[in-house]
Each structure stands twice: as structure tokens, then as C-alpha cells.
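Novice: Next comes the sequence, and after it the predicted model I'd like to discuss.
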Amino acid sequence: MDTIFSIPVCDQYIIYSPLHTLVALVDACALNQIHDGLQRGLPVSDVAYPIVEQLRMPVFDPEIRTGDITNPVFLGVIPTRGCNLGCRYCDFVPPDNKQPVMSLSLARQTVDAYLDLLTAAGRRHAEVHFFGGEPFFAEEVVRFVVDYMALRASHRGMTTHFEAITNGFYRNTVSQWIADNFDTIILSLDGPAEIQEHHRPARNGRATFETILRNAHIFSSGATELIIRTCITSATVSQMKDTAAWLARELHPNAVCFETLTSSPLARASNLYPPSPWDFAREFLAASQILAEAGIDAVNSTVNLDNLQTSFCPVGKDALIVSPEGVVDACYLLPKDWQRSNLNLRFGYVTAHGLELDYPALQRIRDLTTAAKPLCHHCLCRYHCAGGCHVNHRDALVIGKFDNLCIQTRLITIANLLRRINQQELLETWMQDRQALEATVMQPSDCLFEMERG
């Protein structure tokens, strides 16, 4: 019963149960009937009857993994933490940029250990994601891993999928090789030249936009799936519609992922701040409409109605993320960031003998789910957002009060539910009424059996 949610929208209510794959719009009378029909078995009207019947069906929470790793979500390879850009909001790379690079012998051991694990588990597909810094700042390592993985996987009768998140700032011969060998590229591009150059200059002061745009065209014209990741600030949120139209016209990617700036000392020193969640949600929905008309998906990481999960990210999904030093972590963020949040997301090492994994440590990581986040328990987004980043989104969950990320996630999720049931007119009315928005988003519990009913 605690997985059935009721969300007031103006004078109506969304009934939503992600585990039952049900979303419906009802009035207050039907809402009361659904409540009493489920809780007390009272008779209901013809309108409420099919809803009640579907909600009576048994459902099960997504399972938390246990035991040996048999189906890792992917192998993550961090060739280096170094980077060739000096983004004004990113404090991920130390100023001196003197970062170790993964040795080719370690890269070989990593690929072999991963394939051995898949073979032992009877898997026939290898998924490899590259992270940084900028992964292609260590181009030789990336090329070796791709070529060696493709060769060794082929010998074992396995298919492969290669994906990387990249800044796109390199020679066009590199981008052409990427387009020919990668299945998915997530390209960080914050907008047209004025925005991109302001947010993401090169470390040596050179302009970056023309090079990145040239490489983006190479990606978009090739067979690789191109996803644009765009960071939105308080200064650029009002330009999201223009950015969406420009991206659709210039590159026509498969998807555009709009993410709000994560505040950091460097970002604040650069006078860059996150947008208001109310502004971001409104502009995201408008931008998503522009993209949809061009056949392009608009994405936000905490909003995905098609994904049921108990953990927001690779943490808890047995991702094997290998650093340049050969340690195996569940997260690609820096250990200093975990420690700031009182977390330890390390659970193994790559050695010449294969993977050495600490399974008690892994299970503690797997158990970092919404079950340990009381604020999420009463939220309709709990199976989609799943509490957000374990490292960077902890304060709200500890305090027990919705923060800006919660607010924008809830707004966009509810808007997408209204779109799913073809309630565009109601959506537009709701979005224009700040009082109605706050009444919807700020209610302390979305659970049908905890809300105050009229």
C-alpha cells in the first residue's frame, strides 16, 4: 500500500503506482472511493473500479543484489583523472593537473579480469564505460582497451558496447576514430559559443568551441549514439529553449541531458550558481517540447519514468570502476568526496591474478538504497530518482526536507505523468499557478494512505 501515491494537481488528483505501471487522473470523490475500496473493501463506482482492481494486484520491490557479482552493470575504466579543459565550475581535477595514467599492463589485466568474471557467470555481453577527468586525455589507454576488449570478447563469443563521457576537445582524427568504434558518446556541451567558452575554456586559455563543435558534427554524422550533456546555471536557465533549438538544428543528437550546476567553491568563485528549481523545471519542460518536435529526447538524470530502481547511479548495481591505480570502486567520483559524506565506496583491486573483491564492503554499498532514506519513502519519485547521488545529495535526506533537487525532480516527474495521460491543458494551467505548484510539490507525503483527503 505504501507504493501507491496520490498527487494533488489543482482540483484533481494523479493516482500513481510505478510498481503497478498505473497512472490515472481522478477527482476528489473517486480518490476517496479508491482509498476506501483498497483499505476497507467498500464498493466503488464504475470509474474507480478498474483502478482499484489493478492496485490490488501483488507487486514486488526491485531486488537488492546479494552474493557474488554475476551481472555487473558495466566495467568502468578511468584512464586518467587529468583533463585538458579548465571548466569554471569543475573542481574534479587538481590545478596542477599532474594525474597518473593507467598503465597498459593494468589495462590488460582489467579487461582480462572482467571477461573472466563474465565468462564464469555465463554472460555473453561486455559493457565498457570510460570516465575521467577526460578519458581521451589518455588516448593510448582508451585505444588499447577498446581494441583489446573487442579482440578478447570476440574470441569468447561476446558482444561489446563502448561508451564514454567526453569534453570533445581533441584532434578530428581522434573524433573520427571514436565515431567508428564507440556505440555511445556523452558529450559535454553547455550551449552555443558564448555559453560554452564562458563555462568551459581550455586550461591553456585557448578557445574550445570550434574544435568541440567540429567533433560533435563528426559524432552526429556517424553511427554512434550522441547524447549532449548540458550544464544549466542561474544565468543560462532562461536560454534553455534557445539552446534546445540550436542543438536540434545544429547537431540533432539522440538526446539532450539537461543537468543543473552542482555548487562548488570553484563555481562560486566564478560567480556561477545553480538555477531556481522552479525556473529549471519550467524551462526544461519548454525545451523538451522543442526537442520532442525534432524527434529528440530530453533527459534529466533524476527523472525517468521508465526506470524502476532502488539506487540512482551505478552504486549498488555492481559496476566495476577501475582507477588508474587499479583500485575497484562503485563510483567514479573522487574518494575525498565520498569521505566528506562519510561513505566508503571501494571494494576491490585489480591484480595480476584477477579481481580481488571485498564482498562485505560490496554488500554495504549495495545496501545504500532508498530503504535507508526516509525522505524518499513517502515520495512518488522513490523508484525513479531513488534519492539522487549518494555522495552529493545527502543533506536533504538527513534533514528530512525537500531541497532544490527534490523540488525540480518532483515538478518534472509530475509534469511527465500528466503528459503520459494526455493532460497538456491541465499541465499548462498547473505550471502557471505557483500556489498550486507548491501545494503539489511540498506536501510531506505522497502516499495515498497518509495524505489528508478532502
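Specialist: Okay, I see it.
Novice: how about the strands of the stretch 201-350 of the chain, start to end?
Specialist: 225-232, 255-260, 297-299, 320-322, 327-329, 346-351 (DSSP state E, counting those that start in this stretch).
Novice: With distance to C90 and mean pLDDT added, can I get these in a markdown table?
Specialist: Glycine gets a C-beta too; all of them are placed from N, C-alpha and C. What follows is the strands of the stretch 201-350 of the chain, written out as a markdown table (distance: least, Cβ to Cβ, whole Å; pLDDT from 0 to 100):
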| stretch | distance to C90 | mean pLDDT |
| --- | --- | --- |
| strand 225-232 | 9 | 98 |
| strand 255-260 | 13 | 98 |
| strand 297-299 | 20 | 97 |
| strand 320-322 | 19 | 98 |
| strand 327-329 | 19 | 98 |
| strand 346-351 | 23 | 97 |
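Novice: winner for burial among these?
Specialist: strand 320-322 (a mean of 25; mean count of other Cβ atoms under 10 Å).
Novice: Who does that one pair with, and is each partner parallel or antiparallel?
Specialist: Applying DSSP bridges, strand 320-322 is found paired with strand 75-77 (parallel), strand 327-329 (antiparallel).
Novice: still on that earlier bit, right, so of the strands of the stretch 201-350 of the chain, which gets closest to A244?
Specialist: strand 255-260 (6.5 Å; Cβ to Cβ).
Novice: Now for V23: which residues touch it?
Specialist: Going by Cβ atoms under 8 Å, 6 or more residues apart in numbering, V23 touches 14-17, 417, 420-421.
Novice: Helix, strand, or coil at it?
Specialist: Following DSSP: H, G, I helix; E, B strand; the rest coil, V23 is assigned to strand.
Novice: these two touch, right, I421 and Y16?
Specialist: No: here I421 lies out of contact with Y16, judged by Cβ atoms under 8 Å, at a distance of 10.0 Å.
Novice: Please say which of these two ends up with more neighbours.
Specialist: Y16 (25 against 14; other Cβ atoms under 10 Å).
Novice: Quick one, which of the strands paired with strand 320-322 gets closest to T429.
Specialist: strand 75-77 (44.0 Å).
Novice: contact partners of the closest one?
Specialist: Contacts for strand 75-77 (Cβ under 8 Å, 6+ apart): 102, 107, 110-111, 114, 126-131, 135, 141-142, 145, 314, 319-322, 332.
Novice: Please flag which of those residues sit within strands.
Specialist: Residues of the contacts of strand 75-77 located in strands (DSSP state E): 126-130, 320-322.
Novice: need those in JSON lines with distance to D61, can you?
Specialist: Formatted as JSON lines, the ones in strands among the contacts of strand 75-77 follow (distance: Cβ to Cβ, whole Å):
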{"residue": "A126", "distance to D61": "29"}
{"residue": "E127", "distance to D61": "25"}
{"residue": "V128", "distance to D61": "30"}
{"residue": "H129", "distance to D61": "27"}
{"residue": "F130", "distance to D61": "32"}
{"residue": "L320", "distance to D61": "25"}
{"residue": "I321", "distance to D61": "26"}
{"residue": "V322", "distance to D61": "30"}
